[in-house]
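Student: Provide a 3D model corresponding to the input given below.
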Amino acid sequence: MDGRREHTGAPVLGALLSGLVLTVPGAAMGCLSSAAPVRLSLHTDSRAAAIDAGQLREGSGPRVEVARTRRAVHADVTQVRICWPRFARAAREAHVFSFLIVPLTGSPQLDGAVSLYGGRSHAFTDADVTTALRAVAGIRRELLGLAADRTPRRR
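Tutor: Got it, this is the predicted structure:
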């Protein structure tokens, strides 16, 4: 045995993400991305993963802004096309017209976010932000548990 416990966190995280996409009426797809304490990317649709990965690779877009400010952001793609033209182009090509991105806030600090993408304009409301922020608590718990499971135990 390599000193690591078997973990089941990733499937639970995937189920929590899928549940959030179903709970938020305007969400067509979602992505959970984290760099620390566990590096992972889970998605309900490969387009969501590609949009998030592109922003992180380019260092520009709402996902990067959320990581920097630690504040949720939601808007229509047309509203941000001047600020983040590459993101706007990638989103349009993926048939995404609005987004809601929520940081994994709390203590201890996690480097990650949940991104929800809508297939229509004005898909997200302030109430959806509140719903997503509440869901983050469960996602954080599972992510921290996954990190603990990956930490080698001392004998």
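Student: following the helix or strand harbouring A10, which helix or strand shows up next?
Tutor: A10 is part of helix 9-23 when elements are defined by DSSP states H and E. Remark: after helix 9-23, the chain's next helix or strand is strand 29-36, criterion DSSP H and E.
Student: which outside residues touch stretch 10-27?
Tutor: Stretch 10-27 is contacted by residues 28-32, 40, 42-44, 98, 100, 114, 116-118, 120, 122-125, 128, 131-132, 135, 138-139, 142-143, 146 when judged by C-beta atoms under 8 Å, 6 or more residues apart in numbering. Every C-beta, even on glycine, is put in place using the N, C-alpha and C of the backbone.
Student: tell me which of those residues fall in helices.
Tutor: D128, T131, A132, A135, G138, I139, E142, L143, L146 (DSSP state H).
Student: ok, these vs R63, which is closest?
Tutor: R63 lies nearest to A132 out of these, by C-beta to C-beta, at 13.8 Å.
Student: identify the residues contacting the closest one.
Tutor: L20, V24, A72, L100, V102, V114, L116.
Student: swap the cut-off to 6 Å and go again
Tutor: Contacts for A132 (C-beta atoms under 6 Å, 6 or more residues apart in numbering) come out as V102.
Student: and what of A88?
Tutor: Contacts of A88 by C-beta under 6 Å, 6+ apart are V77, R81.
Student: and for F99?
Tutor: Per C-beta under 6 Å, 6+ apart, neighbours of F99: P62, Y117.
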